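Sequence and predicted structure are below.
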Amino acid sequence: MDLIVEDLAAIDDKLSQRHIDLDPGGYFIIYLDREAGLIYAKHFTNVIDDRGLAVDPETGKVIPAREKVERTQTTAFSARTAKELCVKIFEETQPSPVTQLNHAAYLGREFVRAEVALVTEQEYVQD
């Protein structure tokens with residue numbers, strides 16, 4: 001079966017709409033520093049409330065998914081490649097800030113997307 005780009009994009013879009021439980025270990029904001037040639041992943045803590053929403057542990061307020069929020073990161077990781085970033089977060093940091101496998105898989109995919117955007121000089125927007 002030959003899959004074309006539109007088919008692959010449709011599969012990805014559909015899967016992006018599924019429900020996933022949030023990681024009580026926190027979340028990451030991923031971005032590129034093109035001048036330095038680095039991928040950054042800032043880690044932020046959160047608490048998951050009884051509704052399944054991420055809450056700021058300091059204020060108790062829900063952290064909105066699509067709005068910019070001023071918070072201080074717990075840690076900032078940086079690396080030249082997706083693999084290097086994964087090693088730093090999942091192998092060298094103990095305990096790992098990622099507590100769910102689905103979150104780890106998502107981060108791996110995003111780090112590869114960020115690396116490709118860095119190398120090809122394309123825009124990177126975290127999914």
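Thanks, I have it. The structure displayed is predicted, hence computed values, not measured ones.

where do the strands sit along this structure?
If DSSP state E is used as the criterion, the strands of the chain fall at 27-33, 38-44, 47-48, 54-55, 75-79.

Let me know which of those is tucked in deepest.
strand 38-44 (a mean of 20; mean count of other Cβ atoms under 10 Å). Using the backbone N, CA and C atoms, a C-beta is placed for each residue, glycine as well.

and the nearest residue to residue 57 once chain neighbours are set aside, bridged to which residues?
Spatially, and ignoring its direct neighbours in sequence, residue 57 is nearest to residue 47 (5.0 Å; Cβ to Cβ, 6 or more residues apart in numbering). Beta-bridge partners of residue 47, counted by DSSP bridges, are residue 55.

I'd guessed residue 47 sits against residue 61; true?
No: taking contacts as Cβ atoms under 8 Å, residue 47 lies outside contact range of residue 61: 10.8 Å.

and for these two, which residues touch both?
residue 55 (Cβ atoms under 8 Å, 6 or more residues apart in numbering).

residue contacts, the closest residue to residue 126 other than its chain neighbours?
Once flanking residues are discounted, residue 126 sits nearest to residue 30: 4.9 Å by Cβ to Cβ, 6+ apart. Taking Cβ under 8 Å, 6+ apart, we find residue 30 in contact with 39, 40, 41, 42, 107, 110, 111, 114, 124, 126.

go on, residue 53?
Contacts of residue 53 (Cβ under 8 Å, 6+ apart): 22, 62, 63.

Give me the number of neighbouring residues for the first one.
In terms of burial, residue 22 registers 20 neighbours under the definition other Cβ atoms under 10 Å.

pLDDT below threshold where in this structure?
For the chain, the stretches flagged by pLDDT under 70 are 1.

tell me, which helix in it spans the most residues?
The longest helix of the chain (DSSP state H) is helix 101-120.

List the buried residues for it?
103-104, 106-108, 110-115, 117-118 (16 or more other Cβ atoms under 10 Å).

now stretch 10-27
22, 23, 25, 26, 27.

and those as a markdown table, adding distance to residue 76?
Shown next, in a markdown table, are the buried residues of stretch 10-27 (distance: Cβ to Cβ, whole Å):
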| residue | distance to residue 76 |
| --- | --- |
| 22 | 21 |
| 23 | 18 |
| 25 | 16 |
| 26 | 13 |
| 27 | 13 |
